[in-house]
Structures are given as C-alpha cells and as structure tokens.
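The amino acid sequence is not available; the structure is as follows:
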C-alpha cells in the first residue's frame, strides 16, 4: 500500500488496516461491539499519520513479502481437501491441537473429541497473508499549482518512495506484496495442494455434457457423483430437496433456473425477514428513525448480516446467494465501519445483489457512486486541494485489474485526482461537488481523458467512463476469472480455465451469466471434486442446511425478549457464533475481503468450535428454530449399528464413510457394527451425528 504515513499499530490490535477510525479515546475501537448505531459525527481522519516502525514487516503494509517470513496464521484453519489419512502440511515446532478435556476411554469407548480430531484431520498452523495497511491521504501534491486551472496530471514526477519500494513502478515488478489468495498459496501447504488439482481441460456444449465427459482423477474422499458435486459448489450445502431438484430437472435445467433467481419463489424464511425492521428502510429513513430503532435494539448493519445468513441457509436461490457472497469478498465493503450503519444494507441491495448475476462493470460503476463505499474508503473527503487516494488505489488493486494488473503509482495518483468531487450531501445521498473536482488531463492504464470541465454532468461521466474502462480491462477479466475459478473449482485453478473464462468475460463485456455458464460447461469444474474446503461460515451454514433446521420457533422456546421475535434472535445467535469463528458475511474489516483458499483457514481450535456448534444444533439447543430430532433424521433406522451409521452418513453427507471412519464413529458410541441399536443409537445418536459432521466429507465442498 502506502510508502509513508502508515497509521500506528497497537500491539493488541490484530485487525490490520483501520481506515475507518472508530470514535474511541485511542482512535480505534471494537467494530464488533454491540452498541446503538450513530453516524452523524465527523470522521477524525483528516490527513496522514507520521511514518512509524510497524511490527507487520519492514514495509509496514501488512502483506507477505518475497524473502520475508509470512505473518502468522489468520485464525480459523480447516481439514485439507485430500481428507482423512493424508499428510498434513508441515507446521512449526510446538504447534498442535488444543487440549481436549472429555476423552473418557473407559468401557471400551473412544474419546469423542479424539475420534472427531481423527475424522477431521490435524490441520497445521501455516504462515501466510496479512492485513492491508491504510493508504495515506495525500496532500500538497501540487503545492504551487492553481487547483482551479486545467492542468496535466500525466507527467512523470513522483513525490515519495523508498529504495525498497520506489513509486512509479508496478507493484508486480517491485513485488512488495501479492494478491491475497496468492500470498497464502505460496506456502509449502499451498504447493502441496497444487499437486492434487486438475491441470487442464476444455469447454463442452453445456454443463451436463461436461459432467458426462469428465473423468475425476484427483485424490479425494468425496463421492464423485456429479450431482453431489454441483450441489456442493453451487449452493451453501446439499439438502435432500436440492438433490431431488437437480435429479428431476437435470443439470442444465437446474443451472438455468438458478441463473434466473427472480423467477424462483421466496422461501418461508425469506418472507419472515420482514421481522427485521431495518431491512425495508432506505438510508434516509434509517437516519431519521435512528433513536426509535436504537430503542428497539435494531442495528441496521447487523440485521443485514442476519438476513444474509438466513438467505444462505434457507433461500431456494442458492447460486445467487453464492455469487452475492463471492462479490462481497471481491468488491468488499465491511459490514461494520464507522458512519456506514445506515448505508451498508443499501449497498448490499442496490449494488451487490442488483448486479450479482448481471454485469460487473455496472456493479463497479454503481459502487463508486454509493455512499457506503465513499465513506468506507474516504472518497467523500477527497478534494482537488487535498486528495485522498484510498478508493482510487483499491479500485485498481482490489476491485479491478488486481495487484499484478500493470498499474503503477502514477496511475493511482491520476485516478485519485480524476475521482475528486464525488461525495455525500446533508441528506446522505450521493452528490457531485464541482468545486472539489480536479480539472486537467489524465492518463491511467491506457485510459486518457481531457477532464477539462468541472461541470457535474461532464466530470461525473468522465469518472464513470474510467471506472467502466478498468472494469473491462484485460487484467480485470483475468482477475475476475481467477477469483471465480478459485471459488468454484480449486485453490489452484488451471490456467487453461482461467484464460477461457477471461476471454468469455471480455467477449460479453463483463456479463456474469455467460462466464458462469462457461465455468459449469468446463471439464475443469467437474474434475475438481473435493478440491475446495468449506470456510467456517460455509461449514456452519451447510450444517444447518443438512440437518433440515426450520425457521419457526421451537415449542420449547421461551420468548424473553419482547423487542425482537424468536426468528430475529435466532439469526443473531448464528451471527454471533460466526463472529466467534472469525468468518461472517461481509465481516472482514479490511477492503480485501476474506481469502478463499484452504491454507488461510487452518486452525484446530476453530474446527473444534465448529464441531461443538454442530452438536448444539443437532441437540436442538437453539430453540428459536425448530429442529428434526436426531433419532428422526432417518425415517426407518436400521437395527444394527453399522447399518445405522451408513444410513445416517448417507443422509447427512450424501455418501457412506470409509471403513476406518465408520469404525471411529462406532467407537464414539462404544458398540461394534453388529450391535443391536434403537433409533436413539442406544442414547448416542447426537454424538454419532456430530461425529459424522466432523468428517472430511462434511468439511469439503
């Protein structure tokens, strides 16, 4: 990021980039704390910070650098895609699983946590990635030049830089930092994963034809059934209903239907979202009703996350929700940032959801005029005599061409100058302010514009033209294609697929549906069975889905909160658990979004925490929802333990487990395969179901 003026980093702060200064005595604060929302106070960030030594590395930017040890693990870590019995990545001496305190081995039983650890595998603590440092607010770049007069920003003069990171050079050349997923995959664990991924492929006439013609050769514990594979990747987790729909409609028809989400009826849970009072209010209404909503305990930025979780679990528009999650990581604006409370839900509805399956150029243009992004990256504070480059930099580095896209520091500065004038009026609406717009010729990555007028309509159109240009840049096509292939195929997608998807993106002017159809029609997609690991949120959402949890309150529920409905409270409970796991919708505080590769999420502690939550769900302890009793998951349970485990694993993960995994689960119950059991598995059904959900088959997607 920036060479100078990196904000001070407190030893106790591990969030990294803190561009939205929170209103506390020390200037930081806790974005996850529950508190009434407010948004009318000014942002204290008005300029750069003095350069300081930073524990993140010699560059102070929080990235993994070539030749330097990468920062410590992000936190959550998960079982590898090769599943049980595969070698774990190398880990530092002394690293290991947390103490497990309920390993009762008396009576011939295997300790439950030990059995589940054996099922889930022991993921190593791997190094990789880090947080973004704040981009500085650049002042006085043109100290003696008249700001009002038309100028020329295309000169070669630079104003800062260090020997290690000279300004004006492309980041990909200087190699001071890497694209986020790449920074993790450069580890030894990442290199090991590359060896088990498909390496090449071709596009066929359609998804069904590609599925039929593709032979799966990678090592995986998953069943290689293409219907299961599609359900795992194009939804937040297979359910009996999803599998039945794909089988009855056929692969091609099911995908086509999913690409038309407006034609799919809303689920009961989506209708019940009317119980979240802030969702139906626009930013101006949220501002006007702030006090009343605070009295109700209604926080708009949190209810937006609650609603997203509900849609991921219960919506029938599953591919749409998967793409919403994808774009929320790619064009990322954090759910929690100071001043964003009344605007973030509008960004979700009017930018991400509006364009998730239509056009990325239109999405990026809309985002750059939305108050949420203008506040989040300080664009509303940028003016011709005090230019803030935050949004201009992230538009290039994160939201379009990517860190290796060919831009340099001069491109960032000229883009920042061009984008001046965009702001928010007193009513919280987007406005263009001509008096704050820099006038003068600009050239950015081949985009040239006279930019010779401060007229609102003309200047605004010039900025739109630039944003559309970078959204359709060949580097953006490759970056979007790489990200989509990483999401849907493997952590190390084949170059052959990325190139074909990038070509489709360019040919179709950034339309998303043709790119997705090309992806699903590729042999690489169907060959990538078992090559993606569920991140913590995906694991928990898939657990709710496979257990058939209903959004209606349980008869056991005690309504002790008159301010919110059981449904609203239940969603908040899941939301809070996901915060505890370190992964919730739009939760990354930095503008890079969450990484989407296995090695970024490997932590035994988080894995065990997820298993514990699965046990809570199976047992029906969260009474705001209705659960299928574990002894009723199978309509007619077999009478012997081994057959019961087979039937239950088929119900929960779509396939039987291996003989070793099955024996581990029988050990949890303390019975042999031939033992007679009742529907409750002789009282052990909750533990048995929980152990199945700890298996690699449920961790993989």
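Arrived safely. The shown structure was predicted, so the numbers you read here are calculated from the model rather than taken from an experiment.

could you pull out the helices for the stretch 551-700 of the chain?
Under the criterion DSSP state H, counting those that start in this stretch, the stretch 551-700 of the chain contains helices at 566-581, 604-618, 641-653, 659-669, 685-692, 696-699.

now the helices for the stretch 201-350 of the chain?
Using DSSP H, counting those that start in this stretch, helices in the stretch 201-350 of the chain cover 207-213, 226-234, 240-249, 251-258, 268-271, 283-288, 290-295, 300-314, 318-330, 344-347.

Which one, of those helices, ends up nearest to residue 420?
Closest to residue 420 of those, according to C-beta to C-beta: helix 344-347, at 21.4 Å. Heads up, the C-betas are built off the backbone N, CA and C, glycines and all.

Not counting the closest one itself, show me its contacts.
Helix 344-347 has contacts (C-beta atoms under 8 Å, 6 or more residues apart in numbering) with 278-279, 282-283, 286, 300-301, 303-304, 333, 335, 337, 367, 370-373, 586.

cool, stretch 199-206 as well?
210, 213-214, 252, 494, 496-497, 500, 517-518, 521-524, 527.

Going through the residues you listed, which ones are buried?
Neighbour counting with 16 or more other C-beta atoms under 10 Å marks 210, 214, 252, 494, 496-497, 500, 517-518, 521-524, 527 as buried within the contacts of stretch 199-206.

Any chance of TSV for these, columns distance to residue 548?
As requested, these are exported to TSV (distance: C-beta to C-beta, whole Å):
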residue	distance to residue 548
210	31
214	31
252	27
494	36
496	39
497	35
500	38
517	31
518	34
521	32
522	32
523	34
524	32
527	31
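
now, which of the residues you listed sits nearest residue 267?
residue 252 (23.6 Å).

residues contacting the closest residue in space to the closest one that isn't next to it in sequence?
Distance criterion C-beta to C-beta, 6 or more residues apart in numbering; nearest residue to residue 252, sequence neighbours excluded, is residue 208 at 4.7 Å. Residue 208 sits next to 250-252 when contact means C-beta under 8 Å, 6+ apart.

can you pull the buried residues of the strand ranked longest in the chain?
Longest strand in the chain by number of residues (criterion: DSSP state E): strand 440-444. Neighbour-count burial for strand 440-444 flags 440-442, 444 (criterion: 16+ other C-beta under 10 Å).

just stretch 553-570 next, same as before
553-554, 557, 564-570.

Mind putting the residues you listed into a markdown table with pLDDT and distance to residue 260?
A markdown table is the format used below for the buried residues of stretch 553-570 (pLDDT from 0 to 100; distance: C-beta to C-beta, whole Å):
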| residue | pLDDT | distance to residue 260 |
| --- | --- | --- |
| 553 | 92 | 33 |
| 554 | 89 | 35 |
| 557 | 81 | 36 |
| 564 | 87 | 34 |
| 565 | 92 | 31 |
| 566 | 93 | 33 |
| 567 | 95 | 28 |
| 568 | 95 | 30 |
| 569 | 93 | 34 |
| 570 | 95 | 30 |
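
Tell me the one of these nearest residue 618?
Nearest member of the buried residues of stretch 553-570 to residue 618, counting by C-beta to C-beta, is residue 554, at 13.6 Å.

And for that closest one, nearest residue in space, chain neighbours not counted?
Nearest in space to residue 554, with sequence neighbours left out and distances taken as C-beta to C-beta, 6+ apart, is residue 623 at 4.2 Å.
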